[in-house]
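Asks: Mind looking at a prediction? Sequence and model below.
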Amino acid sequence: MGILLAFLAATSYGAGDFFGGLAARHSPVIRVTLLAQAIGALLLVELIPLVGGELQAGALGLGAAAGVAGALALLVFYKAMGSGAMSVVAPVSALSAASIPVVVGLATGEEPALLALVGVVVALAAIGLVSKHGPPAEDDTELDVQAPGVSPRTTVLLGLLSGALFGCLFLLLDQVSGDAGLWPLAGARLASVPFLLVLALATRTGLRPARGSMAVIAACGVFDMGANALLVLAFGSGLLVLVSVIGSLYPASTLVLARVVLGERVTRVQAVGLAIAAFAVVLIAVA
């Protein structure tokens, strides 16, 4: 069950990343992140009683730390997505996000089955293949072109940093007690929304969304909260190493959405990467 939940979380994260990256092309990243997180908090109010769970101070504390890490991760990620090519940012971030929990999980004594470890390696390779967009082309959409005045190196560094922060988010959520339900996410939003609000005030960033952008930001917030909820439940029933790797397959759904919504081209290598990602999920699930 943990692997299925992690896969659904990755799919939802990818959708949130797609809409967040799209919004960040036209609005300040602080505004996009804050509004998306606030909308996600409204969804959480409905989800907590549905899932149930015990309200625990420790879970709220871990959630608060995870919320700040997640908010920072999204700020950096949307900044990267707003300035660089999606096909570079998403996989670099995902590889960084997956690597930290894998190292920590193995170092602390987790022992996944051999077939599952093979699946982990295959999944990491799939993330790399999904990033192979090929040379720039005239039909590239706005999410897959480098923004003027921003170097590709800066984009890669931002992607790596966002992934490291996502990895910290994974580690914190994995520490939450399994009977806490989604209450840790309440702690996360109680910390992240005020943090982002202070940041917006400090940088004098207006909160009024650009015309026509609210629906995109709302979609980002809903998918991001859905992914967080699924990931909390996945960590409650699966190993850190496996759940974090499957949860880091989010570039696949970002790519699919870019293809379906924006008509973004998908190269043959990327299509192979998508197929291999699906194979990796099967390997880990049956191990």
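Replies: Happy to help now that I have it. Numbers count the residues shown, from 1 in each chain.
Asks: Enumerate the positions of the helix or strand of the chain with the lowest mean pLDDT that are buried.
Replies: Every helix and strand of the chain was ranked by mean pLDDT, DSSP states H and E. The lowest is helix 250-262, at a mean of 78. Neighbour-count burial for helix 250-262 flags 250-258, 262 (criterion: 16 or more other C-beta atoms under 10 Å). In this view, the C-beta of every residue, glycine as well, is placed from N, C-alpha and C.
Asks: What of stretch 9-25?
Replies: 9-25.
Asks: from those residues, which ones fall inside helices?
Replies: In helices, defined here by DSSP state H, the members of these are 9-24.
Asks: ok, of the residues you listed, which one's closest to Leu230?
Replies: Ala9 (3.8 Å; C-beta to C-beta).
Asks: if I look at Pro91, how far off is Leu115?
Replies: 24 Å (C-beta to C-beta, to the nearest Å).
Asks: more crowded one of these two?
Replies: Pro91 (27 against 12; other C-beta atoms under 10 Å).
Asks: confidence score at that one?
Replies: Looking at Pro91, its pLDDT is 77.
Asks: Can you show me the CA trace of the host helix or strand of it as PDB?
Replies: Assessed by DSSP states H and E, Pro91 sits inside helix 86-107. Taking Å, rounded to 0.1, in the frame of the first residue of the first chain, the C-alpha atoms of helix 86-107 are listed here in PDB:
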ATOM      1  CA  MET A  86      11.300  22.200 -17.000                       C
ATOM      2  CA  SER A  87      13.100  19.300 -18.500                       C
ATOM      3  CA  VAL A  88      16.200  20.300 -16.600                       C
ATOM      4  CA  VAL A  89      14.800  21.500 -13.300                       C
ATOM      5  CA  ALA A  90      12.400  18.700 -12.500                       C
ATOM      6  CA  PRO A  91      14.800  15.800 -12.900                       C
ATOM      7  CA  VAL A  92      17.700  17.500 -11.200                       C
ATOM      8  CA  SER A  93      15.400  18.300  -8.200                       C
ATOM      9  CA  ALA A  94      14.000  14.800  -8.200                       C
ATOM     10  CA  LEU A  95      17.400  13.100  -8.200                       C
ATOM     11  CA  SER A  96      18.600  15.300  -5.300                       C
ATOM     12  CA  ALA A  97      15.300  14.700  -3.400                       C
ATOM     13  CA  ALA A  98      15.600  11.000  -3.700                       C
ATOM     14  CA  SER A  99      19.300  10.600  -3.000                       C
ATOM     15  CA  ILE A 100      19.300  12.100   0.500                       C
ATOM     16  CA  PRO A 101      16.500   9.800   2.000                       C
ATOM     17  CA  VAL A 102      18.000   6.800   0.200                       C
ATOM     18  CA  VAL A 103      21.400   7.400   1.800                       C
ATOM     19  CA  VAL A 104      19.900   8.100   5.300                       C
ATOM     20  CA  GLY A 105      17.600   5.100   5.100                       C
ATOM     21  CA  LEU A 106      20.300   2.600   4.100                       C
ATOM     22  CA  ALA A 107      22.700   4.200   6.700                       C
END
